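*Asks:* model this:
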Amino acid sequence: MHATNKPSWSLIISCTLGTFLEFFDYTLYAYFAVMISQEFFPLYSTKIQWLATWSVFAIGCLVRPLGALVFGHFADRIGRKKILPYTILLMALPTVGIGLLPGYSAWGWGSPAMLLLCRMVQGLSISAEYNGCSIYCVENHWRNSGLLASLTPFSCGLGMLGASLLALCYSQNWRIPFIIAGSVVGMVGWIMRRNLPETTEFESLLREETIHRFPLRSMFQRHKFSIFVNVVCSAYMGTASYLLLVYMPSYLQKEFSMNIKHSLQFTVLLTCLEALACVFFGWLSDRIAQWKTMLIACICTLSICCLMLFFMGSLELFLLSVVCLVISLGAFDGPLTSYLPKLVPASLRYSATAFGYNIGGAAIGGVGPIVVTFFIQQTHAPKLVLISYLAFWAFLAAVFLVVRDLKFSTKKIQLVSD
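*Replies:* Residues are numbered from 1 along each chain as shown. Below is the predicted model of the structure:
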């Protein structure tokens, strides 16, 4: 199908508001992790408080594949536009709830239990958000779909930036940013999404009556390898995003004794660079193969990680290396949002894309901070653990990108030969 005219900005904004709120909330939680740990787990040592706080964060990510299966099933059955208004509403309400939740001193164990419940509800609803915008761009066949789909991670960057700015303004009162973001973004998103038109490809599926009755079964029967490629690529993206943009302020405070203000300011810089890199490399991916752009990004990440091993004792060189890693992440993340939906046909696209992304980007990537924290406490080698874990996923992503392209090229050669 040929590309249609460019979309209106209202459509783009309504789609990307959900990812904005998603990463706004995640970033706030990470920035205020120290305060949250003291508020909800005051009876334990600093080490246990830290692990408990990041465990709540990780559990919220681990439930996301379940949400992807549920929301993906209905999005492939009844349409994309009917799902998106409810996902942003279910995401906004727990965000406000976290801001209003009393601490341990008021509710006892009921307080951390409700915090966990809010994070789980967020995880279930967020599962359909990130991929929803990119699928919407791809399925409407808009010109420069790579660039438009890259606005999804760009909105994540804006969410992180907004969280950083509010965190700086309310550094002593962590509740206010949660309340502001959840109420304002949730209400605006709900209003804008109620009138979303259906995507071009899904309307074609309805006309041709090719809707799968059980998308999940067909997905696992026919597209296992594509889902696995999705999982690995999303795992690298999620791991790098959480470690470099969400976990980094806490990491700098604990390992380098950097004060909260300076660590937040540095993360604002990282967030801006990653968001801009996403858009630039998304634009570039419309002109060269998307998988090649992503492969180059993985190679750059591996090279930077290897160089970091030689100057682990220098704070200045460590920060410069993190800046380079974030730009490489943007080069991978920008094209990824358009690459993933094209791995499977439209009739199974939402289920397969959301499931693979949430297994990799959320379940695997989301536990990155607690995995790194655990191994740092076991090995007492914080920089080596961080570098090695990041390099491991970059290497796997590079391998699977190459294998998938070789497999796809072989199929095309066989079809031509036949």
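*Asks:* all contacts plus neighbour counts: C-alpha atoms, from now on.
*Replies:* Noted.
*Asks:* show me what contacts the residue nearest to Thr87 when sequence neighbours are not counted?
*Replies:* Nearest non-adjacent residue to Thr87, counting by CA to CA, 6 or more residues apart in numbering: Ser125, 4.9 Å away. Residues near Ser125 by CA atoms under 8 Å, 6 or more residues apart in numbering: Arg64, Gly67, Thr87, Ile88, Leu90, Met91.
*Asks:* please, where are all the helices along the stretch 1-150 of the chain?
*Replies:* 9-31, 33-40, 46-62, 64-78, 84-100, 104-107, 110-126, 129-139, 145-149 (DSSP state H, counting those that start in this stretch).
*Asks:* what packs against the first one?
*Replies:* Counting by 3 or more CA pairs under 8 Å, 6 or more residues apart in numbering; DSSP states H and E, the packing neighbours recorded for helix 9-31 are helix 84-100, helix 129-139, helix 151-169, helix 175-193, helix 248-255.
*Asks:* at 6 Å instead, please
*Replies:* helix 129-139, helix 151-169, helix 175-193 (3 or more CA pairs under 6 Å, 6 or more residues apart in numbering; DSSP states H and E).
*Asks:* now the host helix or strand of Ser321: buried residues?
*Replies:* Secondary structure assignment for Ser321, by DSSP states H and E: helix 315-339. For helix 315-339, a neighbour-count test (16 or more other CA atoms under 10 Å) marks 318, 321-339 as buried.
*Asks:* now do stretch 36-47
*Replies:* Ile36, Ser37, Gln38, Glu39, Phe40, Phe41.
*Asks:* okay, the residues you listed in a markdown table with pLDDT and distance to Ile180 next?
*Replies:* Putting the buried residues of stretch 36-47 into a markdown table (pLDDT from 0 to 100; distance: CA to CA, whole Å) gives the following:
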| residue | pLDDT | distance to Ile180 |
| --- | --- | --- |
| Ile36 | 88 | 18 |
| Ser37 | 87 | 21 |
| Gln38 | 87 | 22 |
| Glu39 | 89 | 20 |
| Phe40 | 90 | 21 |
| Phe41 | 89 | 24 |
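*Asks:* now, which of the residues you listed sits nearest Ser204?
*Replies:* Closest to Ser204 out of the buried residues of stretch 36-47 is Ile36 (48.1 Å), distances taken as CA to CA.
*Asks:* Trp283: which of the helices and strands packed on helix 9-31 is closest?
*Replies:* Closest among those, using CA to CA: helix 151-169, at 10.2 Å.
*Asks:* how about the helices of the stretch 1-150 of the chain in CSV, adding distance to Ala289?
*Replies:* Output for these, formatted as CSV (distance: least, CA to CA, whole Å):
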stretch, distance to Ala289
helix 9-31, 24
helix 33-40, 40
helix 46-62, 31
helix 64-78, 27
helix 84-100, 30
helix 104-107, 52
helix 110-126, 29
helix 129-139, 15
helix 145-149, 10
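*Asks:* of the ones you listed, which is nearest Gly365?
*Replies:* Nearest to Gly365 among the helices of the stretch 1-150 of the chain is helix 46-62; the distance by CA to CA comes to 8.4 Å.
*Asks:* show me what the closest one is packed against.
*Replies:* Secondary elements touching helix 46-62 (3+ CA pairs under 6 Å, 6+ apart): helix 110-126.
*Asks:* report the longest helix in this structure, please.
*Replies:* helix 382-417 (DSSP state H).
*Asks:* tilt between that helix and helix 248-255?
*Replies:* 150 degrees (axes from the mean of the first three to the mean of the last three CA atoms, to 10 degrees).
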